[in-house]
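**Student:** Please work out how this folds:
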Amino acid sequence: MHDWGVWHGRVPFTDHENQHGRFVTEYGFQSFPQMSTIDAFTDPADRTSIFTPVMLAHQKNNEGNSIIQDYMLKYYAEPKDFPSFLYASQVLQAEGIKVGAEHHRRDRPRTMGSLYWQLNDCWPVASWSSIDYYGNWKALQYYARRFYAPLLVSPHIEDDDFTVYVVSDKTAPINADLRIRIMTFDGKVVTEHAQSMRVDPLSSKIYYAQAFPEMLGKLGVDPATVFVAADLAVDGQTVSTNLLYLVPTKQIHLPPAQIDHTLAPTPGKEGSYTLTLSSKTLARSAYITFGAQSVELSDNYFDLLPNEPRTITITSDSPVDALNKELKIISLADAFTR
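**Tutor:** Residues are numbered from 1 along each chain as shown. Down below sits the predicted model:
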C-alpha cells in the first residue's frame with residue numbers, strides 16, 4: 001500500500017499508526033536542504049522566506065512549502081529565522097518518518113517491509129528526499145540508520161500503556177540488556193529499570209509494559225519536563241538508543257542547551273578527526289555543520305543526553321584550524337525564539 005494521509009492529507013504523524021499494510025511501498029514527508037545547497041541557487045534576497053519566488057520555483061509540489069509550514073506550526077513553533085526553518089524542517093521530516101518506520105517495524109509480522117519516499121534528488125530542491133542533490137545527508141538519512149537498524153528498541157504509548165518493544169531482523173536469538181530511564185532535561189534520573197533478556201529472532205515483541213496513567217502518577221513530576229531514554233546493549237555495547245516524550249511536542253519544556261566540544265586530529269589517521277560533544281541539558285537533534293568545508297560525519301542530528309559525552313568521527317581534507325573556524329553546533333531549542 002501507499003500511505004499519503006501524512007503529507008497530502010495533512011493528518012498528524014500518528015495517523016501512520018492506523019495503517020497496517022503488508023508492504024508499505026510509499027510514505028513520506030518533505031524538508032528543505034541545508035543552507036549550503038540553498039546558497040547554490042539563491043541570492044540573499046531570496047533567503048528571507050520559504051515563500052519567495054525562487055524558493056517556490058525549487059518546489060514542485062504546488063502546496064509543498066505551505067504543507068511544511070502547516071506541520072511546523074502543528075508540532076513546533078515558528079522558527080526564528082530562515083536558516084532555523086531549514087534545519088527545523090529536516091528534524092520535522094525525520095521525526096515524522098520515524099513515527100511511521102517504527103510503527104511498521106513494531107507491526108511485524110503484519111507489516112513486513114516499508115520504503116519511505118524518497119532517497120535522493122535530481123536537482124537542488126525542497127523535497128521528500130533524505131539526501132540532497134549535492135549528496136549531503138539530511139537529518140532523515142541519519143535517523144534512518146537508527147530506525148532501520150537490525151536491532152531496534154522502540155518505546156511507545158498505546159492503549160493507555162507505556163510499552164517498550166524490541167524488534168529484531170537477526171536470524172538467531174540474541175542475549176541483550178535493556179535499560180529504561182525516565183530523566184529530567186538536566187539529567188536527573190527519576191526512575192530506572194534494567195533487565196536482561198533473550199531477543200527472539202525475526203520478531204517484534206513487547207519486553208516491558210506498565211499502565212501509563214499509573215506510571216505518570218508515580219513520577220510525581222510534570223510530564224512536560226521529563227523524557228524516556230531506552231537503551232539496548234549486546235555484549236556491553238549499545239546497539240540502539242531511543243527517546244520518548246510523554247506529552248505532545250508543543251508542550252515539551254525543552255531548555256536551551258550549551259554544547260561543549262573538542263575537535264582534534266585522530267592519531268595515526270590522515271584526514272580523520274575526533275569530535276567530542278557534551279551538554280549539561282538534553283540537546284535534541286544536535287546538528288553539526290562546518291559551513292562550506294567538505295566533511296563526512298559518522299553521525300549527526302542525534303539526541304545528546306545530559307552529562308553523557310558523545311564522540312563522532314569527522315573525515316575531511318581540511319586542516320583542523322579551518323574546521324574549528326567553521327564549526328557550529330545547534331540543537332532544536334536553538335531554532336525558536338525563547
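
**Student:** and the next element down the chain from whichever helix in the chain runs longest?
**Tutor:** As far as residue count goes, and with DSSP state H defining each element, the longest helix of the chain is helix 82-106. Following the chain from helix 82-106 toward its C-terminal end, the next helix or strand by DSSP states H and E is helix 139-147.

**Student:** lowest-pLDDT helix or strand in this structure?
**Tutor:** helix 212-219 (a mean of 85; mean pLDDT, DSSP states H and E).

**Student:** From the contact counts, what lies against it?
**Tutor:** Applying 3 or more Cβ pairs under 8 Å, 6 or more residues apart in numbering; DSSP states H and E, we find helix 212-219 packed against strand 161-168, strand 189-199. Any C-beta I mention is one placed from the backbone N, CA and C, and that applies to glycine too.

**Student:** after the shortest one comes which helix or strand?
**Tutor:** Tracing the chain past strand 161-168, the next element assigned as helix or strand by DSSP H and E is strand 174-184.

**Student:** tell me which residues in that next one are buried?
**Tutor:** Burial within strand 174-184, assessed by neighbour count using 16 or more other Cβ atoms under 10 Å, is assigned to 174, 176, 178, 179, 180, 181, 182, 183, 184.

**Student:** would a markdown table of those residues with distance to residue 110 and pLDDT be doable?
**Tutor:** Conversion of the buried residues of strand 174-184 to a markdown table gives the following (distance: Cβ to Cβ, whole Å; pLDDT from 0 to 100):
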| residue | distance to residue 110 | pLDDT |
| --- | --- | --- |
| 174 | 22 | 97 |
| 176 | 24 | 98 |
| 178 | 24 | 98 |
| 179 | 28 | 98 |
| 180 | 25 | 97 |
| 181 | 30 | 97 |
| 182 | 30 | 95 |
| 183 | 33 | 95 |
| 184 | 37 | 95 |
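
**Student:** ok, so of those residues, who is nearest residue 291?
**Tutor:** Within the buried residues of strand 174-184, proximity to residue 291 (Cβ to Cβ) peaks at residue 183, which comes in at 32.9 Å.

**Student:** Show me the beta-bridge partners of that closest one.
**Tutor:** Beta-bridge partners of residue 183, counted by DSSP bridges, are residue 189, residue 227.

**Student:** quick one: residue 154 and residue 244, what's the gap?
**Tutor:** In this structure, residue 154 lies at 9 Å from residue 244, with Cβ to Cβ, to the nearest Å as the measure.

**Student:** what does residue 133 give?
**Tutor:** The gap separating residue 133 from residue 244 is 34 Å, by Cβ to Cβ.

**Student:** And residue 209, by the same measure?
**Tutor:** Here residue 209 is placed at a distance of 13 Å from residue 244 (Cβ to Cβ).

**Student:** Same check on residue 108?
**Tutor:** Spatial separation of residue 108 from residue 244 under the definition Cβ to Cβ is 19 Å.

**Student:** before we move on, what about residue 329?
**Tutor:** If you go by Cβ to Cβ, the gap between residue 329 and residue 244 works out to 24 Å.

**Student:** More neighbours: these two, which one.
**Tutor:** More neighbours sit around residue 329 than around the other of residue 329 and residue 244, counting by other Cβ atoms under 10 Å; the figures are 19 against 16.

**Student:** tell me the mean pLDDT for the helix or strand where that one lies?
**Tutor:** Residue 329 is part of strand 328-330 when elements are defined by DSSP H and E. Rounded to a whole number, the mean pLDDT of strand 328-330 is 96.

**Student:** tell me what it is packed against?
**Tutor:** Under the contact definition 3+ Cβ pairs under 8 Å, 6+ apart, strand 328-330 sits against strand 283-289.

**Student:** Residue ranges in the stretch 1-150 of the chain under the pLDDT threshold?
**Tutor:** Residues of the stretch 1-150 of the chain that meet the criterion pLDDT under 70 are absent altogether.

**Student:** circling back: go through the helices and strands packed on helix 212-219 and pick out the most buried.
**Tutor:** For the helices and strands packed on helix 212-219, ranked by mean neighbour count under the definition mean count of other Cβ atoms under 10 Å, the leader is strand 161-168 at a mean of 21.
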